[in-house]
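Q: only the shape, not the letters, is given here:
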């Protein structure tokens, strides 16, 4: 896979700033990504494209193995104020419910049964969510979905390929 043409200054800036992205924030994004990957491999196993051994290995992968890439992506897409705003939001009850919605949404998108009920938001939490969504950080993450943009997908896919090397040897 070709390397993404990403300005070195942005990569270095993101790498330095990535240390300010906490593990809890990274996990909000890495956990659903890993579940999506595992569900994709499960579907591949049903089609005979993934061996039972490869599937078992993939099911045992640690979502934290994707944390660093999400730290990098968050740091390179959000300025320090937006990052602080995002981490503050995700630390609140409404943010945790938002994160759980994202996690459970992966199951729904894959046509799988939800492992638990979707969380319900109070009126106050909906106000908090709307305030976050309309902030510059919320616009980037929720409205514009910068972590799903082609450049971000390329970086994430490179990391996924690296993580999967232990389960799916390259031919």
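A: Happy to help now that I have it. All figures in this text were calculated on a predicted structure; none of them were measured in a lab.
Q: which helix is the longest one in the protein?
A: helix 23-46 (DSSP state H).
Q: go through it and flag the buried ones.
A: Neighbour counts over helix 23-46 (16 or more other C-beta atoms under 10 Å) mark 25-39, 41, 44-45 as buried. Backbone N, C-alpha and C define where each C-beta goes, glycine included.
Q: swap in stretch 155-171?
A: Those buried within stretch 155-171 under the rule 16+ other C-beta under 10 Å are 155-156, 159-160, 163-164, 167-168.
Q: among those residues, which one sits closest to residue 94?
A: residue 156 (25.8 Å; C-beta to C-beta).
Q: on that earlier part again, what packs against the longest helix of the chain?
A: On a contact count with 3 or more C-beta pairs under 8 Å, 6 or more residues apart in numbering; DSSP states H and E, helix 23-46 meets helix 52-59, helix 67-77, helix 80-91, helix 93-109, helix 150-164.
Q: which outside residues touch it?
A: Residues from elsewhere that reach helix 23-46 (C-beta atoms under 8 Å, 6 or more residues apart in numbering): 50-52, 54-55, 58-59, 61-71, 73-74, 86-87, 90-91, 99, 102-103, 105-107, 109-110, 112, 147, 156, 160, 164.
Q: swap in 7 Å and give it another go.
A: Helix 23-46 has contacts (C-beta atoms under 7 Å, 6 or more residues apart in numbering) with 50, 52, 55, 58-59, 61, 63-64, 66-67, 70-71, 74, 86-87, 90, 99, 102-103, 106, 110, 112, 147, 156, 160.
Q: would you list the helices and strands packed on helix 23-46 in TSV and tack on distance to residue 123?
A: TSV is the format used below for those (distance: least, C-beta to C-beta, whole Å):
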stretch	distance to residue 123
helix 52-59	39
helix 67-77	29
helix 80-91	17
helix 93-109	11
helix 150-164	33
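Q: who wins for proximity to residue 139 among the ones you listed?
A: helix 80-91 (9.3 Å).
Q: would you mark the buried spots in the closest one?
A: Using 16+ other C-beta under 10 Å as the test for burial, helix 80-91 gives 82-83, 85-87, 89-90.
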